[in-house]
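Peer 1: I would like to see how this sequence folds:
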Amino acid sequence: MFSLRTVFSVLVLILISGPMWARDVKYLNFSAKNKHDIYLRDLKVDEVELEIDGKPVEVGFFGSQDVHTSFVVLLENSPRTARYAVSMPQWGQINPIDRIRFQMYYDFFPQMTDRGRVLLGEFGQEIKILQEFTSHPDVLARALYELQPNHLDLSINDPEVGRALGRGVDWLKDLRDKRKFLILFTTHIDRESYGNLEEYRDMLREVDVELYVISYASRNPTGLGRPFEEKMNKYFFQKVVDETAGWLYLVGSYAYLEELFTDLKGRLHNNYTIGFQAESSGQPEEHKVEIKVLRDKCRVAHRKVLIY
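Peer 2: Reported below is the predicted structural model:
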């Protein structure tokens, strides 16, 4: 039995020790390239500095390839990406979604499942799960093989990319993994989603999900006849991706799709995660984040704002 004096002393200690309940561990992901545009694969914790609101913060956790990760991969499957019932390369008829599937068949899924688990889904006018979270690459490859290009969708409206983005975040945000990646393959933004740009930016700022977008729109669409959605595509996706540690890939920026996938796989594979003790006053606030790598002329991709 504890004496009343002991219990009273403990209560006093709790009261004067400050808001310990407000301390929480936060995790940040980042990737880095050196001056030769090569991903850094061998960083050590003493080569990384973290600043929150301009003040140095001690890094309490540092991980790379040993950090368990959850991935959600969402493919747009609509007449925009499935123009033909069947791709026929000999006639120059190749569906964008088939080009993506071809690239993903080989070492894309095994590399991801080595780190954790993957959910595969598709979206058009509806959003469907093709394969629930799994760590078996052959199961994912089978689901990808069985996907049927949706070239017969008669809807006059473009798929709501923002709705698919939100669903992918929902599948990830409550998981306890330190690293959560949403990889979205699409054509270009739709007008409805563009009108809600700030809502999507706020959503991504508040969750620990990193967004990677692969868009089939032109890099710099100009001239008469280009739809508004295509002209504003890069602007929209760059804004939402910049709220995370992810990246925007425009297919038109690459001579070959293989180059894009090589960089995407490199960025996913050579990711780092750091953790720190965050102190909050109780009400969620925006905090400016800066991650520095102590090597010459390195470029670091990380989220710039964290809310807690």
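
Peer 1: neighbours around the closest residue to residue 26 other than its chain neighbours, how many?
Peer 2: When the adjacent residues along the chain are set aside, residue 26 lies closest to residue 278, with 4.4 Å between them (CB to CB, 6 or more residues apart in numbering). For glycine as for every other residue, the C-beta is placed from the backbone atoms N, C-alpha and C. For residue 278, the neighbour count with other CB atoms under 10 Å is 16.

Peer 1: ok, residue 243 next?
Peer 2: As a burial measure, residue 243 scores 21 neighbours (other CB under 10 Å).

Peer 1: what do you get for residue 26?
Peer 2: A count of nearby residues for residue 26, using other CB under 10 Å, gives 20.

Peer 1: check contacts around it.
Peer 2: If you count contacts by CB atoms under 8 Å, 6 or more residues apart in numbering, residue 26 has them with 208, 275, 276, 278, 306, 308.

Peer 1: next: residue 177.
Peer 2: Contact criterion CB under 8 Å, 6+ apart gives 68, 69, 70, 116 as the residues in contact with residue 177.

Peer 1: quick revisit: could I get the contacts of residue 26 as CSV with distance to residue 96?
Peer 2: Shown next, in CSV, are those (distance: CB to CB, whole Å):
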residue, distance to residue 96
208, 30
275, 38
276, 41
278, 41
306, 35
308, 39
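
Peer 1: out of those residues, which end up buried?
Peer 2: Among those, those scoring as buried are 208, 275, 276, 278, 306 (criterion: 16 or more other CB atoms under 10 Å).

Peer 1: can you map out the strands along the stretch 51-200 of the chain?
Peer 2: Counting by DSSP state E, counting those that start in this stretch, the stretch 51-200 of the chain has these strands, from start to end: 55-57, 61-63, 69-76, 116-123, 127-134, 179-186.

Peer 1: and residue 203, which of those is closest to it?
Peer 2: Each of the strands of the stretch 51-200 of the chain was checked against residue 203 via CB to CB, and the shortest separation belongs to strand 179-186, namely 11.4 Å.

Peer 1: which residues are contacting the closest one?
Peer 2: Among residues not part of strand 179-186, those counted as contacts by CB under 8 Å, 6+ apart are 27, 29, 67-76, 81, 97, 100, 115-116, 159, 161, 164-165, 168-169, 172-173, 208-216, 246, 264, 268, 271, 273.

Peer 1: now do it, average pLDDT.
Peer 2: This predicted structure assigns strand 179-186 an average pLDDT of 98.

Peer 1: that concludes my questions; thank you for your assistance.
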